[in-house]
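> My questions concern the predicted model and sequence given below.
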Amino acid sequence: MAMGRGNAVIAVVLVLCLVLPFDMVDAASFTVGESNGWSFNVVGWPNGKSFKAGDTLVFNYNPAIHKVVVVDKGGYDGCTTPSGAKVFQTGKDQIQLTKGDNYFICNVNGHCQSGMKIAVTAA
């Protein structure tokens, strides 16, 4: 009986070793705004790109003058920061995409209105 359980545990570990690395390899990393980074008029940056849940967006910016805020559609459309929104401000933020719509803005006064926001849909 103990031998059967041991074999089952080994089988599960082997399956996990085979499956997990492939999931990790599938995930991609995207630098928002490419060489310009997280900056004004980045709103069109996602156009033509394909994103999947688990992909990582890298936001490079000067933290003294910008932030990255994860918002909902209302926050994105209205350039507002909902209560409880996650605010990033390191200047080198890495945010993993969730399945569906993902919205990001800079909530420094006037920045979102100047195109410092992106909407990304992850499959």
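All right, it came through fine. Numbering: from 1, shown residues only.
> Just to be sure, Pro46 is in a strand?
No - applying DSSP: H, G, I helix; E, B strand; the rest coil, one finds Pro46 to be coil, outside a strand.
> Settle this for me: it is touching Ala119, isn't it.
Yes - Pro46 is in contact with Ala119 according to Cβ atoms under 8 Å; the separation is 6.8 Å. Where C-beta positions appear, they are placed from N, C-alpha and C, glycine not excepted.
> Those two: which is more packed in?
Neighbour comparison, Pro46 and Ala119: the larger count goes to Pro46, with 18 against 15 (by other Cβ atoms under 10 Å).
> The nearest residue in space to the more buried one that is not next to it in sequence: what secondary structure?
Once flanking residues are discounted, Pro46 sits nearest to Val120: 5.0 Å by Cβ to Cβ, 6 or more residues apart in numbering. On the three-state scheme (three-state DSSP), Val120 is labelled strand.
> isn't Val120 right up against Thr56?
No - the pair Val120 / Thr56 is not scored as a contact, 11.3 Å apart, by Cβ under 8 Å.
> Can you tell me, leaving aside adjacent residues, what's nearest to Gly75?
Closest residue in space to Gly75, ignoring its immediate chain neighbours: Pro82 at 4.9 Å, by Cβ to Cβ, 6+ apart.
> returning to that earlier point: so who does the residue nearest to Pro46 touch?
By Cβ atoms under 8 Å, 6 or more residues apart in numbering, the contact set of Val120 is 46, 51, 57, 97, 101-104.
> Need the contact partners of stretch 69-84.
Contacts of stretch 69-84 (Cβ under 8 Å, 6+ apart): 85-88, 95, 101-107, 112-113, 117, 119.
> Just give me the neighbour total for the nearest residue to Lys99 once chain neighbours are set aside.
Using Cβ to Cβ, 6+ apart and skipping the chain neighbours, the partner closest in space to Lys99 is Ala53 (3.9 Å). By other Cβ under 10 Å, the residues close to Ala53 number 14.
> Weed out the non-buried ones from the contacts of stretch 69-84.
88, 95, 102-107, 112, 117 (16 or more other Cβ atoms under 10 Å).
> In JSON lines, list the residues you listed along with secondary structure and distance to Val71.
Below are the buried ones among the contacts of stretch 69-84 laid out as JSON lines (DSSP: H, G, I helix; E, B strand; the rest coil; distance: Cβ to Cβ, whole Å):
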{"residue": "Phe88", "secondary structure": "strand", "distance to Val71": "12"}
{"residue": "Ile95", "secondary structure": "strand", "distance to Val71": "12"}
{"residue": "Asn102", "secondary structure": "strand", "distance to Val71": "10"}
{"residue": "Tyr103", "secondary structure": "strand", "distance to Val71": "5"}
{"residue": "Phe104", "secondary structure": "strand", "distance to Val71": "7"}
{"residue": "Ile105", "secondary structure": "strand", "distance to Val71": "5"}
{"residue": "Cys106", "secondary structure": "coil", "distance to Val71": "11"}
{"residue": "Asn107", "secondary structure": "coil", "distance to Val71": "8"}
{"residue": "Cys112", "secondary structure": "helix", "distance to Val71": "9"}
{"residue": "Lys117", "secondary structure": "strand", "distance to Val71": "8"}
